[in-house]
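J.: Sequence and predicted structure, then a few things I'm wondering about:
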Amino acid sequence: MPETVMAKKTRLAPFTTLKVGGEAELWEVLSLAELKEASSEPFLILGAGSNLLISDEGVTERVVKLGKSFNSLDDFSGQGDVWLGAATPLPGLVRRAASTGLSGWEGLLGIPAVLGGAIAMNAGTRFGSIADTLKEVELMLAGEMVRLSADELKLSYRHSELPKDGVITRARFSLTASTPEKVEAVLAKVDAARKGQPKIKSAGCAFKNPEALSAGKLIDEAGLKGLKVGDAMVSLEHGNFIVNLGQASATDVLKLIDMIRSRVKVPLILEWRLWGFGEASHA
Ligand code: FAD
Ligand code: EPU
């Protein structure tokens, strides 16, 4: 094992925004060689942990995290097509593009992801998604580097078709020249649309919106805001957010999900990725 790879049993909760989840062997990698080594056994790739519910028992696979050498925020000048590392945080990029007067990422304001996770989920809002500016990705797949065009990823609403066990290492984007003032004006609208979302620990919206409906509105109309299991609660501000009031467990969160689903008439599909619950559970 390369010396710099960190591979020890670690509680995963602090690596997620919901702050839930047990232990796994965590490998933080700083180079492609280290990524190859870490991904040579069954693994899961972790981004910013903002769309994950991880079991209280943790996961048996290695959990691989791309370290700071995959974060290219400091190198982002924004000129023309740009390659960026998969661990680059989206919030920093959105701000940097705004101050340089580049348009294309405004709709991503407020999404606490890194690029790899944002591409895997095709993160976005009604103002735009990562698919709008993505041109191609570089992946490590079974130890080899592969390039795929954005079209090949078949990005759609909160969905991508990445090859199984493919790890995005970097991605190429194309932004449009604008002015800081114009970009800031769009950002203000996106920000306003997020005002009803809670600021406390969550993993964003739990469910995808059913066709032409809002899951949050359906949950709200079913009178479920404030419904609690342990410290897991349906947000008082937005029905599609489950918040952790302090010590919520994954078991609490799953019980709450089951209660929501049993009380809302329309079938609700989870947006979150579940780790450590067995194949296809709760999906
Ligand atoms: P993670 O949650 O760590 O992982 C998500 C998936 O991506 C996993 O399957 C993981 O294996 C995979 N993945 C991560 N990195 C890589 C990689 N390098 N290569 C291959 N696969 C990888 N989402 C929206 O779409 N719109 C919103 O408006 C929005 N608002 C949110 C607000 C809050 C407060 C929070 C907490 C979340 C919100 N989310 C939103 C959800 C979340 O931020 C997105 O789904 C985001 O894309 C997850 O990115 P991540 O880096 O945290 O990925
Ligand atoms: N609404 C209610 N009650 C609620 C929540 C919402 O009545 O408790 C109503 C709102 O008033 C509005 C409608 O439902 O009329 C839609 O709500 P909102 O504008 O909040 O949008 P959303 O569909 O609930 C989506 C995304 C969010 C994204 C926002 C902003 C999904 C599942 N959710 O929310 O994405 O931030 O739009 O564009 O697509 C995420 O995916 O994690 C996420 C947070």
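T.: In hand now; what should we look at? Ligands and ions are numbered 1, 2, ... in the order given.
J.: contacts and neighbour counts: CA atoms only from here.
T.: Fine.
J.: Sketch out the low-pLDDT regions of the stretch 151-283 of the chain for me.
T.: Along the stretch 151-283 of the chain, the model assigns pLDDT under 70 to residues 279-283.
J.: which residues of it fall in strands?
T.: Assigned by DSSP state E, counting those that start in this stretch, the stretch 151-283 of the chain shows strands spanning 167-174, 176-177, 228-229, 232-234, 242-244, 273-275.
J.: among those strands, which is the most enclosed?
T.: Counting by mean count of other C-alpha atoms under 10 Å, strand 242-244 has the highest mean neighbour count of the strands of the stretch 151-283 of the chain, with a mean of 27.
J.: Give me the contact list for that strand.
T.: Applying C-alpha atoms under 8 Å, 6 or more residues apart in numbering, the external contacts of strand 242-244 come out as 18-19, 200-206, 231-235, 253.
J.: right, and the strands of the stretch 151-283 of the chain - which one's nearest ligand 2?
T.: Minimum separation from ligand 2 across the strands of the stretch 151-283 of the chain (C-alpha to the nearest ligand atom) falls at strand 232-234, 9.2 Å.
J.: So the closest one, near ligand 2 or not?
T.: No. Strand 232-234 lies out of reach of ligand 2 by C-alpha under 6 Å from any ligand atom, never closer than 9.2 Å.
J.: Now, of the contacts of strand 242-244, which are buried?
T.: Applying 16 or more other C-alpha atoms under 10 Å to the contacts of strand 242-244, the neighbour count classes 18-19, 201-206, 232-235, 253 as buried.
J.: that older thread, would you check which pair of the contacts of strand 242-244 lies furthest apart?
T.: 205 and 231 (17.4 Å; C-alpha to C-alpha).
J.: so what pLDDT did the nearest residue to residue 184 once chain neighbours are set aside get?
T.: Leaving out its chain neighbours, the residue that sits closest to residue 184 by C-alpha to C-alpha, 6 or more residues apart in numbering is residue 98, at 6.3 Å. Per-residue pLDDT puts residue 98 at 96.
J.: Contacts for the helix or strand residue 98 falls within next, please.
T.: Assigned by DSSP states H and E, residue 98 falls within helix 90-100. Identification of contacts with helix 90-100 by C-alpha under 8 Å, 6+ apart yields 73, 76, 78, 103, 105-106, 108-115, 118, 179-180, 183-184.
J.: How about the residues of the stretch 1-150 of the chain by ligand 1?
T.: Residues of the stretch 1-150 of the chain lying close to ligand 1 (C-alpha under 6 Å from any ligand atom) are 17, 44-52, 86, 111-114, 116-118, 120-121, 123-125.
J.: let's go with 5 Å and repeat that
T.: Taking C-alpha under 5 Å from any ligand atom as the contact definition, the stretch 1-150 of the chain meets ligand 1 at 45-52, 111-114, 116-118, 120-121, 123-124.
J.: Tell me who's in contact with residue 159.
T.: When contacts are counted by C-alpha under 8 Å, 6+ apart, residue 159 touches 120, 121, 122.
J.: Now flag whichever of those is closest to residue 219.
T.: Taking C-alpha to C-alpha as the measure, residue 121 is the one of the contacts of residue 159 closest to residue 219, at 22.7 Å.
J.: separation between the residue of the stretch 51-200 of the chain found nearest ligand 2 and residue 194?
T.: In the stretch 51-200 of the chain, the residue found nearest to ligand 2 is residue 125; the distance is 3.8 Å by C-alpha to the nearest ligand atom. Using C-alpha to C-alpha, to the nearest Å, residue 125 is found at 10 Å from residue 194.
J.: burial measure for the residue lying closest to residue 207 once chain neighbours are set aside, as a count.
T.: Sequence neighbours aside, residue 270 is the residue nearest to residue 207 in space, at 4.2 Å (criterion: C-alpha to C-alpha, 6+ apart). Using other C-alpha atoms under 10 Å, residue 270 is surrounded by 15 other residues.
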